[in-house]
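>>> generate coordinates for the sequence data below:
(one chain, ligands or ions: 1)
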Amino acid sequence: MRRKTKMVHGGITGDERTGAVSVPIYQVSTYKQPEAGKHTGYEYSRTGNPTRHALETVIAELENGTHGFAFASGMAAINAVMMLLKAGDHVVLTDDVYGGTYRLTTKVLNHMNLTHSFVDTSDPNAVEKAIQPNTKILYIETPTNPLLKVTDLNKMKQLAEKHDLLLVVDNTFATPYIQLPLDFGADIVLHSATKYIGGHSDVVAGLVVVQDDQLAERIHFIQNSAGAILGPQDSWLLLRGIKTLGLRMEAIEKNANKIATFLDQHENVTKVYYPGLKQHQDHVLASKQAAGYGGMIAFDVGSSEKADQVLSKVKYFTLAESLGAVESLISIPARMTHASIPKDRREELGITDGLIRLSIGIEDIEDLIEDLSQALV
Ligand SMILES: *Cc1c(COP(=O)(O)O)cnc(C)c1O
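Numbering: from 1, shown residues only. Okay, the predicted model is just below:
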């Protein structure tokens, strides 16, 4: 099956008993057992639920993995993966990682005596230097948020193998439609499914996919023990979102390419970050390891006053956190998604006060460009 067909026909489709074409929402907590201690595959919905199972099956297929797990949010998924660690273990993470991941690592997991180093993972030498004898996980986000830096997955796999680390990739920005980290040897792929996979700004969810049976058993044990599962209704919304993921990504990327080019030529824009632009520092690598460049663009207008002016003038870009939906969104990372990162650290990373992030939607491109045009004068 090719990519878009898999999104429609992959996993478990419909309901055998009734012929329903859509997987039913099994809004149920417990299941009748034929006798004590025996069950028919489902016993309690924290452990397993048929609607969630259908979602977990299709995401595993889309990521070329064998086991999928659905969580109550992207952060719950990331936290579950970190629960594979033991006190005293160390994690190496991408430096401009999602703000919530930074917060979880530095303000919650540190209390469990889990230590961490943030490095520019687009520089393999810096990664190798950061690896310690107690490092257990190499945690990559690529492309990154919001500067869209790209990390070489092949090189990360080599380092992970050499130092016996689990390679974890947050694939939220790329989606399985354009990037398949498990094919590069990653051990775990995870998503904030709140973003492109859901795609309609109506559900908060997280997904994890692995290939290895033993690792799958450990993740399922954590999912069932800690209990941050996705409910049946939200699982169904993701099943529905996935069917159009390919179509949406194609439309989004077409728009994003045109907008990045427009911004790049605009006199009031000092810098544009989009891996699809030839002059982007990681354009060649992005072209090599992904089938596209996604729908996220960041650009600098020089100051927070100018950024505010753009925000106040745009009509079709909704000022909101989050990304990856059908409607275009606009945000200022320094004051929104990345506000939990201290200011000096933000500036070190290039997340300036004049940096604007766009999540491109599926609107008519002419409307989006006209809108940005009038906002940038
Ligand atoms: C949003 C996001 C998360 C967190 O996901 P939630 O669903 O909001 O908990 C993690 N990683 C990335 C890259 C994100 O964009």
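
>>> can we go C-alpha only for contacts and neighbour counts from here?
Noted.

>>> and stretch 72-88, what's buried?
Neighbour-count burial for stretch 72-88, with 16 or more other C-alpha atoms under 10 Å as criterion, is recorded at 72-83, 85.

>>> quick one: contacts of that stretch?
Residues outside stretch 72-88 that contact it (C-alpha atoms under 8 Å, 6 or more residues apart in numbering) are 70-71, 100-101, 104, 112-115, 134, 136, 190-194, 204-208, 218-219, 222-223, 226, 228-231.

>>> what about the ligand: which of those residues touch it?
With C-alpha under 6 Å from any ligand atom as the criterion, those include Ser192, Thr194, Val204, Ala205, Gly206 near the ligand.

>>> quick check: nearest residue in space to Ser340, chain neighbours excluded?
Closest residue to Ser340 apart from its sequence neighbours, by C-alpha to C-alpha, 6 or more residues apart in numbering: Gly99 at 6.3 Å.

>>> list the contacts for the one you found?
Here Gly99 is in contact with Thr337, His338, Ala339, Ser340, Ile341 (C-alpha under 8 Å, 6+ apart).

>>> find the nearest non-adjacent residue to the closest residue to the ligand within the stretch 101-250 of the chain, please.
Per C-alpha to the nearest ligand atom, Ser192 is where the stretch 101-250 of the chain lies closest to the ligand, at 4.1 Å. In this structure, Ser192 finds its nearest non-sequential neighbour in Gly74, 3.9 Å apart by C-alpha to C-alpha, 6+ apart.

>>> can you pull out the helices in the stretch 51-200 of the chain?
Under the criterion DSSP state H, counting those that start in this stretch, the stretch 51-200 of the chain carries helices at the ranges 74-82, 99-103, 124-130, 153-162, 175-178.

>>> let me have the ones you listed in TSV, extended by mean pLDDT and distance to Asn257.
Shown next, in TSV, are the helices of the stretch 51-200 of the chain (pLDDT from 0 to 100; distance: least, C-alpha to C-alpha, whole Å):
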stretch	mean pLDDT	distance to Asn257
helix 74-82	98	27
helix 99-103	91	26
helix 124-130	97	28
helix 153-162	98	23
helix 175-178	97	15
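
>>> does Ala298 count as helix, strand or coil?
strand (DSSP: H, G, I helix; E, B strand; the rest coil).

>>> before we move on, the earlier item: ok, and the most crowded of the contacts of Gly99?
Within these, neighbour counts (other C-alpha atoms under 10 Å) peak at His338, which reaches 22 neighbours.
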